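1. kindly generate the corresponding structure for this input.
(4 chains)
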There are 2 protein chains.
Amino acid sequence: MAKKKLNIEKDTTTEDRIKASARAVFHRKGFAATRTRDIAEDAGINIALLNYYFRSKENLFQIIMLETMSRFLLMMSDFLNDEKSSLDKKVELVASNYIDFIMIEPDIPIFMLNEIRNNTESLLNKLPIKDIILNSAFFSQHRELVAKGKIKEPNPLHFLMNMLSLVVFPFIAQPLLKAISETDDKAFKELMQERKKLIPIWIKAMMKAG
Amino acid sequence: MAKKKLNIEKDTTTEDRIKASARAVFHRKGFAATRTRDIAEDAGINIALLNYYFRSKENLFQIIMLETMSRFLLMMSDFLNDEKSSLDKKVELVASNYIDFIMIEPDIPIFMLNEIRNNTESLLNKLPIKDIILNSAFFSQHRELVAKGKIKEPNPLHFLMNMLSLVVFPFIAQPLLKAISETDDKAFKELMQERKKLIPIWIKAMMKAG
DNA sequence: GTCTATAGGGGGATAGAC
DNA sequence: GTCTATCCCCCTATAGAC
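-> Alright, predicted model coming up:
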């Protein structure tokens, strides 16, 4: 233990190493609590070089934030727009893939939601969020099923909220839930694996009920 | 508009006014992004006085954090331990009251979850979280219904997660959801009102399904 | 491109008058 | 108790050598 693994690979450019470190530290601590020193140390360089490449902490943050959000959005778009699959299948896709994604990068959800709160829309307006989500196959399929009477609650926003809630929230509340239930890391991961199968079943039951 | 309402009431003690301001600012911006100057200004006093009463920013934060978490825990405990009501009824209680609570103080959930992430358990261990939640009537009722075959998924943690997810997550993701769907504040509040009735119905359907 | 040294400023905390 | 003035550290950013 001890000795943290630093991000000093020889086969990447300095710029990329700084970005990788910035991403890691920003995601873990958020903008305000992050010091450029931490990023520089993690990347194995000094602050001067960081500013040489990225001008300022603020600017570096904007770059990371934009990339992280684009990545998230692109992933969502892929799942929600797959024309071939049914709505049920899409729920399975989102649950399974998104849980896998968050397991690998557990800091991203709370990081994004927290920074969005502060940046109040400045960033949100730079991305075509509305187009991607609202015009997705996911939403039009939902509309069809509502028309056919297969789904009771007609508002697609409730549907989207429910799906994201059940998938994402347990990770955001992870420390609290662990403390409540004396669950260790291994057991928690198993719970999340179970949810990959359970969430689609639950969602299906909800659609019929209310 | 303009002119922010400052917290300068004559009928409270200075100490209480500082605490009220600290609570407001910490909740909104988190520990790292908060400056003691902001708190002092909001309370209508200066930093010297803040340190006279509370010694340090860190100490003031600990006090606020502990109070906020205690308050949250006490509320949960009240809902989950009401011996008279059925499990279904408890779900209604939590959904309805907790949504009302968050509407009044929308910053609390993400504030708590975010600061818990940084403080890593130091604070969680000061509170009797486990006892209050795990030994609650809520959990024993859940166990009974599992035994009777009325609930399919036996793990009470899934049940707790689902309930909290459906209630809390939409508020945490509020800015994102608003951006996605072009929902304004009024419409969003109506959605949350609808959820007070919908969540208990959904939960009931989920229990039977998986 | 990368470093050392340092400027510049902001923010938490304290001394001391009232 | 409350204020003004000030200290001092830490952090971002830049100047300038290599």
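
2. give me the helix or strand of chain A that scores worst on average pLDDT.
-> Ranked by mean pLDDT, DSSP states H and E, the helix or strand of chain A with the weakest confidence is helix A:129-134, at a mean of 86.

3. list the buried ones in the helix or strand just after it?
-> The C-terminal neighbour of helix A:129-134 among helices and strands, as given by DSSP states H and E, is helix A:137-147. Neighbour-count burial for helix A:137-147 flags A:137, A:138, A:139, A:141, A:142, A:145, A:146 (criterion: 16 or more other CB atoms under 10 Å in any protein chain shown). The way it works is simple: take the backbone N, C-alpha and C, and place the C-beta from them, glycine included.

4. so what's the closest residue to the third one other than its chain neighbours up against?
-> Pointing back at residue A:139 there. Spatially, and ignoring its direct neighbours in sequence, residue A:139 is nearest to residue A:156 (5.3 Å; CB to CB, 6 or more residues apart in numbering or on different chains). Counting by CB atoms under 8 Å, 6 or more residues apart in numbering or on different chains, residue A:156 touches A:139, A:142, A:143.

5. rerun that using 10 Å as the cut-off
-> Contact analysis of residue A:156 by CB atoms under 10 Å, 6 or more residues apart in numbering or on different chains lists A:133, A:134, A:136, A:138, A:139, A:140, A:141, A:142, A:143, A:146, B:181.

6. could you pick out which of the residues you listed are near DNA strand D?
-> Applying CB under 7 Å from any atom of the strand, the subset of the contacts of residue A:156 adjacent to DNA strand D is empty.

7. turn these into TSV, columns for distance to residue A:199.
-> Shown next, in TSV, are these (distance: CB to CB, whole Å):
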residue	distance to residue A:199
A:133	19
A:134	23
A:136	19
A:138	15
A:139	19
A:140	22
A:141	18
A:142	16
A:143	22
A:146	20
B:181	22
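
8. out of those, who's nearest residue A:14?
-> residue A:133 (36.5 Å; CB to CB).

9. so the closest one sits against residue A:124, correct?
-> No: taking contacts as CB atoms under 10 Å, residue A:133 lies outside contact range of residue A:124: 11.9 Å.

10. the more surrounded of those two?
-> residue A:133 (22 against 17; other CB atoms under 10 Å in any protein chain shown).

11. gap between the more buried one and DNA strand D?
-> From residue A:133 over to DNA strand D the distance is 33 Å, taken as CB to the nearest atom of the strand, to the nearest Å.

12. can you check residue A:19 too?
-> With CB to the nearest atom of the strand as the criterion, residue A:19 and DNA strand D are 15 Å apart.

13. mind listing what that residue touches?
-> A:7, A:12, A:13, A:39, A:43, A:53, A:54, A:60, A:63, A:64, A:67.

14. dump the buried residues of helix A:137-147 into CSV; add pLDDT as well.
-> Converted to CSV, those look like this (pLDDT from 0 to 100):
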residue, pLDDT
A:137, 96
A:138, 96
A:139, 95
A:141, 97
A:142, 97
A:145, 98
A:146, 98
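
15. closest one of the residues you listed to chain B?
-> When these are ranked by distance to chain B (CB to the nearest CB), residue A:139 comes first, at 9.9 Å.

16. surely that closest one meets residue A:133?
-> Yes: counting by CB under 10 Å, residue A:133 is a contact partner of residue A:139 at 7.3 Å.

17. what's the domain layout of chain A?
-> What the record gives for chain A is the domain set A:8-55, A:67-209, from automatic domain parsing.

18. and stretch A:135-155, end to end?
-> End-to-end distance for stretch A:135-155, by CA to CA, to the nearest Å: 15 Å.

19. got the contact list for that stretch?
-> With CB under 10 Å, 6+ apart as the test, stretch A:135-155 has contacts from A:76-77, A:79-91, A:93-94, A:128, A:133-134, A:156-157, A:159-163, A:206-210, B:181, B:191, B:194, B:198, B:201-202.

20. with stretch A:176-183 instead?
-> A:169-171, A:173-174, A:184-185, A:187-191, B:69, B:72, B:76, B:112-113, B:116-117, B:121, B:123-125, B:127, B:129-130, B:132-134, B:139, B:155-157, B:160-161, B:164.

21. now list the buried members of the residues you listed.
-> Buried among those by 16+ other CB under 10 Å: A:169-171, A:173-174, A:188, A:191, B:69, B:72, B:76, B:112-113, B:116-117, B:123-124, B:129, B:132-134, B:139, B:156-157, B:160-161, B:164.

22. quick one: which of those sit in helices?
-> The helices, defined by DSSP state H, take in A:169-171, A:174, A:188, A:191, B:69, B:72, B:76, B:112-113, B:116-117, B:129, B:132-134, B:139, B:156-157, B:160-161, B:164 from the buried ones among the contacts of stretch A:176-183.

23. nearest the middle, which residue of chain A would you pick?
-> Centroid-nearest residue in chain A, with CA atoms, centre = their mean: residue A:109, separated by 4.2 Å.

24. could I get the pLDDT score of it?
-> Looking at residue A:109, its pLDDT is 98.

25. and it, what is it in contact with?
-> A:72, A:98, A:101-102, A:164, A:167-169, A:171-172, B:169, B:172-173 are the contacts of residue A:109 under CB under 10 Å, 6+ apart.
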